[in-house]
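Undergrad: This is a predicted model, with the sequence first.
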Amino acid sequence: MIRNNQPLTHQPRHLRAARWLKRLSLAGLVGLAGCATDSSPAPDEPLFTVPANFPSPTYRFQNNALTKEGVALGRMLFYDGRLSRDGTISCAECHNQAYAFTHHGHDLSHGIDNRLGTRNSLPLQNLAWSQAFMWDGGVFDLDLFPIAPIENHVEMDETLPNVLEKLRNDPAYTAQFKKAYGTDEVTTARFLQALSQFMLTLVSGNSRYDRYVRKEAGATLTADERAGMALFTSKGCASCHAGALFTDQRYRNNGLSLAFGEDAGRAHITEKPEDRYTFKVPSLRNVEHTGPYMHDGRFRTLEAVLNHYADGVEDTPNLDPLLKQTSSVTPGQSTPGQSRPGQFRLGQSRPGIPLTADEQTKLIAFLKTLTDSDFLTNPNFAPR
């Protein structure tokens, strides 16, 4: 059940996902909604809620209707190490709820046999609004997303057929599949969509900031936090970290030094020169708890992140125009990715965002208001 808060409350990942997409018939995926048993929760138990200050979701719920049993199955799968080759790595290994479902403290995620990955783990939150997944957008459909880590040799190092066979041999799973879908058949589509159902429930929209902008009773921000919120807009942070989701979901180059390695970023998927060194703009929700930061985890603290924008931005190929010293764009003229026109900073002495120490302190105070403690501790998101 979906509710809107207005009336109430050795192959790259993308190639593996694309290969599996060909194996899944659209009819099979769409038909699952009709196969699910009628297990809608009581009116006071919504499985998915759209916060009042959020836009409409982009996920196609009509193709995968949420049910209580489907979400429960997805949660079982999310926390089950049998999705990996040797049973040691579950989805939760790199996506810990207490840290907004990130691999807390690890600059690069590591998986089976302690093999080291190439990128930092992004949070899992507000996925119903996501248009593509991973730092380079290599997966375009949430229902295909789990294939990438399952079949990646440094993450779970398993195959989807092997995973399904393990589940078919477990009476607890066949019983849960029957509850969710009407029969005990364990199929690729059912498996993937059950995981989606659980991940779709991971909505973070009840931070102090949210309650403040919704003008809820007793919701306040301190003077420094309000000043930080104003700086967030005036300094151009909101041009990329836009809207209620705090991301414009575009791919940008934010001037990271290439001395740490030349990850091609989005160009790994598109093979376009103009996409080199661009990465998906991450959401800043719960950013207080999602460090280390950037695609390679090079910054351990928020202070280090802001120091980069103030003093460390390098004019690398495809540097985002918003960070350049000057711009050919005149005030009032929009460019792709701007939340609104006229936010270019003309005549800077160097690439980046001019920030004093006091401004950085106030910005961090504001960023910490984006922490959603309910999301980080919600028992419905924890293993059972």
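TA: Received it, and whenever you're ready, just let me know what you need. Predicted model only: the values in this text are computed from it and were never measured.

Undergrad: now the helices for the stretch 101-250 of the chain?
TA: Applying DSSP state H, counting those that start in this stretch to the stretch 101-250 of the chain gives helices spanning 147-151, 160-168, 171-181, 188-200, 208-213, 223-234, 237-240.

Undergrad: is it possible to export these to JSON lines including mean pLDDT?
TA: As requested, the helices of the stretch 101-250 of the chain are arranged in JSON lines below (pLDDT from 0 to 100):
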{"stretch": "helix 147-151", "mean pLDDT": "98"}
{"stretch": "helix 160-168", "mean pLDDT": "98"}
{"stretch": "helix 171-181", "mean pLDDT": "98"}
{"stretch": "helix 188-200", "mean pLDDT": "98"}
{"stretch": "helix 208-213", "mean pLDDT": "98"}
{"stretch": "helix 223-234", "mean pLDDT": "98"}
{"stretch": "helix 237-240", "mean pLDDT": "98"}
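
Undergrad: Tell me which of the ones you listed lies nearest to G297.
TA: helix 147-151 (17.2 Å; CB to CB). Glycine gets a C-beta too; all of them are placed from N, C-alpha and C.

Undergrad: What helices and strands are in contact with that closest one?
TA: helix 13-23, helix 160-168 (3 or more CB pairs under 8 Å, 6 or more residues apart in numbering; DSSP states H and E).

Undergrad: May I have it exported as CSV, CA atoms only?
TA: The C-alpha coordinates for helix 147-151 follow below in CSV (Å, rounded to 0.1, in the frame of the first residue of the first chain):
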residue,chain,number,x,y,z
ILE,A,147,22.2,-8.3,-9.9
ALA,A,148,25.2,-6.1,-10.0
PRO,A,149,26.6,-6.8,-6.5
ILE,A,150,25.5,-10.5,-6.5
GLU,A,151,27.5,-11.2,-9.7
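
Undergrad: before we move on, back to that, and the helices of the stretch 101-250 of the chain as TSV, adding distance to L83 and mean neighbour count?
TA: Below are those laid out as TSV (distance: least, CB to CB, whole Å; neighbours: other CB atoms under 10 Å):
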stretch	distance to L83	mean neighbour count
helix 147-151	6	24
helix 160-168	5	16
helix 171-181	12	18
helix 188-200	9	24
helix 208-213	33	19
helix 223-234	38	17
helix 237-240	33	22
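
Undergrad: Minimum distance to E69: which of the ones you listed has it?
TA: Smallest distance to E69 across the helices of the stretch 101-250 of the chain (CB to CB): 4.1 Å, for helix 171-181.

Undergrad: Pull that closest one out as CSV, backbone CA atoms only.
TA: Only the C-alpha atoms of helix 171-181 are listed here, as CSV (Å, rounded to 0.1, in the frame of the first residue of the first chain):
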residue,chain,number,x,y,z
PRO,A,171,11.2,-24.3,3.1
ALA,A,172,11.1,-21.0,5.0
TYR,A,173,11.7,-19.2,1.7
THR,A,174,9.2,-21.2,-0.4
ALA,A,175,6.6,-20.5,2.3
GLN,A,176,7.3,-16.8,2.2
PHE,A,177,7.2,-16.7,-1.6
LYS,A,178,3.8,-18.4,-1.5
LYS,A,179,2.6,-15.8,1.0
ALA,A,180,3.8,-13.0,-1.2
TYR,A,181,2.9,-14.3,-4.6
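
Undergrad: Which element is encountered next along the chain beyond the lowest-mean-pLDDT helix or strand in the chain?
TA: Of all the helices and strands that make up the chain, helix 26-35 has the lowest average by mean pLDDT, DSSP states H and E, namely a mean of 39. Downstream of helix 26-35, the first helix or strand assigned by DSSP states H and E is strand 48-50.

Undergrad: Provide the strand pairings for that next one, with the direction of each partner.
TA: Paired neighbours of strand 48-50 in the sheet (DSSP bridges): strand 2-4 (parallel).

Undergrad: wait, what's in contact with the closest residue in space to L108 that isn't next to it in sequence?
TA: Distances taken as CB to CB, 6 or more residues apart in numbering put G117 closest to L108, at 5.2 Å, once the chain neighbours are dropped. G117 makes contact with L108, S109, H110, G111, N152, V154, E155 under the criterion CB atoms under 8 Å, 6 or more residues apart in numbering.
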